[in-house]
Structures are given as structure tokens and as C-alpha cells.
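Visitor: Got a predicted model here, sequence first, then my questions.
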Amino acid sequence: MRIALITSTFLPNFIGGREKHIYGLAKALVKLGHHDVYIVTGDRVKEVVKEEFEGVTVYRVPYIKEFKLRGIGESIPYRIVAPSFFSVLHHIEPEIIHAHDIKHFTSDAAAIYSYFLHKPFVLTVHGFFYRPSRLTKVLLRLHDLTLNLFTLKVARKIIVVSKRNVKWPLTLFRSKIVYIPNAVESSNHKGYSKSFKAKYRVPIDYHLVVSVGRLTFQKGFDILIRAWKIMRKREPDLRAKLVIIGPTQDQHYFKYLLKLAGDDDSIIFTGRVPDEDLIAALQDATVVVMPSRDEGMPTVLLEAISFGKPVVATSVGAIPDIIVNGVSSLLVKPESPEELAEALIKVLVDDKLRNEIARNAVKLRSYISWDNMVKHIVRIYEEVSRR
């Protein structure tokens, strides 16, 4: 079966949950052995580039226009790819076209191609978490009533990674919707020798609190820093460092975070780090914290579980669908620095609680593995192919 996975952005130039998900899905499909898998993505290239990216064939199609729509906290990108996008699909001759996310031109273009060439079309909705301005809301509503509605109609199956993100216009197509959470590659890094603490000069007896994500308003790092300040005041003798890992996507927001952090040397910003440093950070972490204002199915949550780490997170998106408060995590309300501070104190001070949560989280590894999830996706491919 020839499968084309369609995405607006992809690794390594763009790093996020959707990009990691597509790469994980591609590798899992290739691992099954009876699928030819291609990733077709937009990129800042001058002409179509075909390459092998860590064992997966990737076609990078140039953007001809990148719009930045006005949003609250960050701009909202809308990238239009060149007409060669259709030529690439025609060259691949896929039996299944699987596009990722709505409100992306690549998904709409893939739907148009699928419609006219009668190709089975599957759509995965990861979620839309931007906060648009009034004018942008009008533009997005027009898109919903035209291209987006067409894309949803063409899709034979719509995969959602979070039940909470089934909102209009998705609600018009409930009969097509299938819930399949994101997955992560099962990993056991006990033999991994690199030390994140040593590289960033964190004393070995200090707790390492790790938070990972793009530095955007949605991810709520400002809430985390406020919570950290509260925690430090209440527990001044607690030996702990907060490490915030992720690329700067909004310079204004990053400057705001630096201002909030002030001269507190217990807060470390690393920026974007290579994969080996991220592995080292998760391995050395005492706890992984996710202060997001909104989420779909965050990859970092699954990575923390795969490392057997206790998680403190806001109760948003699909997070409560995967982990249970007080059992495999501590969940708090979003936008609540006080509650987040209390949860951090609890998990850092109480060794017994922390170890129990970590043990329960480990039990979820097999459920969130690609070996498990890819079987459900392949069944969808087979079903839509038979129609």
C-alpha cells in the first residue's frame, strides 16, 4: 500500500507535536514492512527537494506565500505551497492520502487532489490552539465555511487525538470521526550515559523540573514561572532547578518570560536542544511539568510516560484522557499558578507519592506505543480503501 502523509511543516526545520507524530507514524508503517510511505510537506526551499530523512522518503515543496494572521499572544501562520505539490502527489501515485490538521492549505490541497482523482482521503485533527484577533476570526470562519468544510466532506475518516477538540465544524461529521490518541516510540534509556545535569551544571542532589515546548502563549510558561516563584517562597530550602526547553517562536513572549524570571538563577532557558540533550533531560528529570492553556495530545506527555517520569499538568485537551489525577499524574486547573505551585511542592517533597505516580505512569507505556496505535490506523486505511 502506497501512503502519502501530508503536512504543512516537518522536521527538522519545524519541531512540534504534529511533526513528531507524523515521523513516528511513518516509521511505524515502514516497520510493518508492507507499506511504501512518503511524507509530503511544505518548506522554505526554492524547488521540490526529495530526500531520505532517517529512513523515510520526504518531498519538500516550496512555499509561494506565508501569511501571518494576527492572533493574541502569537501570530497564526498560513502557508501556501507551490502547484508542484500536485505534481509530487501525481508522481507518488498514493493509494491512501492521509493529511494532518485542518486550517492548513496542504490539507485542503490534498483534499482537492483526492476528490478529483478519487483517492481515499483520511484526515487527522491534532487541534487548533491559537487565539485569533477579531479580524482573523472572521477570516477563519470564512475558511471553515469553504475550504475546510470541503476538506471535511471529502475525508472518508476523520481521526481526532482528543475527544475534547471535536468542535464545529467537526460536529457536522460525527459519523466519520474516530478517536485514536497520539503515540510515542517505546524507549528504554537506562543505559544512556549522557548527563543533562552535568552539562548545565545542576548539582547532582538537586531536583530537576523539566518543561518542554515551543515558547508560545498557548504553552503557559508564564504561568509556570509564576508558580515557581510561589513555590520558592513557600519552600526556600527546596533544592530544585526549573529547566524550560524549547525554541523561541515569539520574541515578545520570550522577553516577557525573561522579565518574569528576573535574576532567579534556579530557572534555566536552554532554547532548542538536540534530541540527545532532550533524552538526557527527561532521563535526569525528577518531574515533568506541562502548564499549557490548551492542548491536543501533547507528545512531551507521552515521552515523559515512556521515561517513567511523574507528570504535573493542566487538565486540558486529551491529557485527562490518558493520565488520572493522583494515580499516574497530578492535574491542576489551567491559568492557576497557585494550584500549580501546590502540586509541584507536593510531588517534590513527598518521595513516596512521586515514586507511586511514576510506577503507575510506566504501566501506560504499552498503551501509548506506536506498535499498538499503528494497528488501528492501518485498519482505517483498509476500510476506506474498500469503499
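Guide: Received the coordinates, thanks. Residues are numbered from 1 along each chain as shown.
Visitor: residue boundaries of the helices in the stretch 1-150 of the chain?
Guide: Under the criterion DSSP state H, counting those that start in this stretch, helices of the stretch 1-150 of the chain are mapped to 17-32, 84-92, 105-117, 134-143, 149-154.
Visitor: could you say what helices and strands the fourth one packs with?
Guide: Packing partners of helix 134-143 (3 or more C-beta pairs under 8 Å, 6 or more residues apart in numbering; DSSP states H and E): strand 56-69. Every C-beta, even on glycine, is put in place using the N, C-alpha and C of the backbone.
Visitor: Convert the strand it packs on to PDB, retaining C-alpha atoms only.
Guide: Extracted C-alpha coordinates of strand 56-69, given in PDB (Å, rounded to 0.1, in the frame of the first residue of the first chain):
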ATOM      1  CA  VAL A  56      11.600   7.900   5.500                       C
ATOM      2  CA  THR A  57      11.200   9.400   2.000                       C
ATOM      3  CA  VAL A  58      10.300  13.100   2.200                       C
ATOM      4  CA  TYR A  59       9.300  15.500  -0.500                       C
ATOM      5  CA  ARG A  60       9.700  19.200   0.400                       C
ATOM      6  CA  VAL A  61       7.600  21.600  -1.700                       C
ATOM      7  CA  PRO A  62       8.400  25.300  -1.700                       C
ATOM      8  CA  TYR A  63       6.000  27.800  -0.100                       C
ATOM      9  CA  ILE A  64       5.000  30.500  -2.500                       C
ATOM     10  CA  LYS A  65       3.400  32.600   0.200                       C
ATOM     11  CA  GLU A  66       3.400  32.700   4.000                       C
ATOM     12  CA  PHE A  67       0.800  34.700   5.700                       C
ATOM     13  CA  LYS A  68       0.900  35.600   9.400                       C
ATOM     14  CA  LEU A  69      -2.600  36.300  10.600                       C
END
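Visitor: starting at the chain centroid, how far to stretch 327-338?
Guide: Distance, stretch centre to chain centre, for stretch 327-338: 19 Å (C-alpha atoms, centre = their mean, to the nearest Å).
Visitor: what does that stretch contact?
Guide: With contacts defined as C-beta atoms under 8 Å, 6 or more residues apart in numbering, stretch 327-338 is touched by 220, 223, 226-227, 230, 291-294, 305, 310-316, 319-320, 323, 325, 339-340, 342-343, 346-347, 357, 360-361, 363-364.
Visitor: Setting aside sequence neighbours, what's the nearest residue to residue 150?
Guide: residue 111 (6.3 Å; C-beta to C-beta, 6 or more residues apart in numbering).
Visitor: per-residue pLDDT, that neighbour?
Guide: Confidence at residue 111, expressed as pLDDT, is 98.
Visitor: do residue 323 as well
Guide: Predicted confidence (pLDDT) for residue 323: 89.
Visitor: That one and residue 313 touch, don't they?
Guide: Yes: Residue 323 lies in contact with residue 313 (C-beta atoms under 8 Å); the separation is 7.3 Å.
Visitor: residues shared between the contacts of those two?
Guide: Joint contacts of residue 323 and residue 313 (C-beta under 8 Å, 6+ apart) are 301, 329, 331.
Visitor: Of these, which belong to strands?
Guide: residue 331 (DSSP state E).
Visitor: hang on, the earlier thing: and for the residue nearest to residue 150, the neighbour number?
Guide: Using other C-beta atoms under 10 Å, residue 111 is surrounded by 24 other residues.
Visitor: same question, the one 4 residues further on
Guide: Around residue 115 sit 14 other residues, with neighbours defined as other C-beta under 10 Å.
Visitor: Next up, the contacts around it.
Guide: Neighbours of residue 115 in contact, by C-beta under 8 Å, 6+ apart: 121, 150, 154.
Visitor: With residue 153 as the reference, measure out to it.
Guide: 9 Å (C-beta to C-beta, to the nearest Å).
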